[in-house]
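[1] no FASTA, just this:
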């Protein structure tokens, strides 16, 4: 496991990757409206352009799993953090819609690939420490995103240009990650291990379903939650913002506390309890249909949902199977992000035949699916316990 200082340096290095990625994406997100105006895009045009981010991510995730298996996730991180830093600058300074679309595809591809690589490192950190870390690291990504968005808003109000802000933020993030990357875990596999696209095992497929349902729910609440509050409940924009803020706060708090809970109670309990809490909260919100309950129910929905995707990713990394850790993480992440992209569109299609409240009942069904499949995440605990048993059986040499 290495010395304590070495372990802390590794944790710092991996944390910098998650925070750095969040900082860059947050800086970009807060300036999207200005990029929209600069390119003369309407709401529909902007929505179509932003789809390019998701397309780029989905195209990049599977091959990143192959490359991380061949060259190691640390090597992929060093390349991808530079691309993540550059892509928003290209998009912001493009000056034309075709170049903007190209920059957005590049941003999605770099960010999707970095998601796979840094989650692979997170699995390696869990094995090194013998305890969960995935949820905490994903919380650090969210913290970096939030901090960067808040600072970016202040920077924008001060009149600093989009390209300048994105270039400065990207340079700082990339430099920090590159400077600490020598402490990342060298996870390049042995020559005999598989380094290509492989068919997922049954367990990986089911973990992918959990990830799909979790991110489908997250994406749908993020995109349709305010619409539900303003149009169905006929409430104020302030309450809509409060409801989404409560959901985000619940997600963040859930991930900050998720790893200690997973260590104490186990992965299956955490996912089962989380899916049950989210499903119950959404059922109450939709059944009562009152502004008085929307903020607390969205808070509880976030508290329950926050750990479902990170735990599924961790379980994928511990699953082994026909491929490497990176390939397994990539397969589950790809399916999960497909749910994140499809969820809002699915809700929109269902509203053609149902009310929005009826369409959102799909999310309760998605949580029921997670409940049924929750035992699939047990593999992370089983492998970690086996590693601990092997470590205990090996003489320390003292």
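    Sure, I can see it. All values derive from a computational prediction rather than experimental measurement.

[2] you'd agree residue 258 is up against residue 305?
    No: the pair residue 258 / residue 305 is not scored as a contact, 11.0 Å apart, by Cβ atoms under 8 Å. Where you see a C-beta, it was placed from the backbone N, CA and C, and this is true even at glycine.

[3] neighbour count winner among those two?
    Set side by side, residue 258 and residue 305 show more neighbours around residue 305, with 30 against 25, by other Cβ atoms under 10 Å.

[4] what sits against the more buried one?
    Residue 305 sits next to 214, 217-218, 250-251, 254, 274-275, 278 when contact means Cβ atoms under 8 Å, 6 or more residues apart in numbering.

[5] and those residues, which of them are in helices?
    214, 217-218, 250-251, 254, 274-275, 278 (DSSP state H).

[6] Now render those as TSV, adding distance to residue 16.
    Shown next, in TSV, are the ones in helices among the contacts of residue 305 (distance: Cβ to Cβ, whole Å):
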residue	distance to residue 16
214	26
217	29
218	25
250	26
251	22
254	23
274	28
275	31
278	31
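
[7] which parts of the lengthiest helix in the chain are buried?
    Among the segments of the chain that qualify as a helix by DSSP H, the longest is helix 97-129. Buried positions in helix 97-129, judged by neighbour count with 16 or more other Cβ atoms under 10 Å: 100-128.

[8] Name the helix or strand for the residue nearest to residue 376 when sequence neighbours are not counted, please.
    The spatial neighbour of residue 376 that comes closest, neighbours along the chain excluded (Cβ to Cβ, 6 or more residues apart in numbering), is residue 206 at 4.7 Å. Per DSSP states H and E: residue 206 is located in helix 202-227.

[9] And that helix, what does it pack against?
    Judged by 3 or more Cβ pairs under 8 Å, 6 or more residues apart in numbering; DSSP states H and E, the packing partners of helix 202-227 are helix 237-265, helix 291-305, helix 308-319, helix 325-350, helix 356-373.

[10] at 6 Å instead, please
    Packing contacts for helix 202-227, counted by 3 or more Cβ pairs under 6 Å, 6 or more residues apart in numbering; DSSP states H and E, involve helix 237-265, helix 308-319, helix 325-350, helix 356-373.

[11] Domains of the protein: list them as residue ranges, please.
    If you go by automatic domain parsing, the domain ranges for the chain are 4-180, 202-387.

[12] Relative to residue 187, which of those is closest?
    domain 4-180 (5.1 Å; Cβ to Cβ).

[13] what mean pLDDT does that closest one have?
    Summarised as a single mean, pLDDT over domain 4-180 is 88.

[14] And it, end to end?
    Start and end residues of domain 4-180 are separated by 17 Å (Cα to Cα, to the nearest Å).

[15] Thanks again, I'm all set now.
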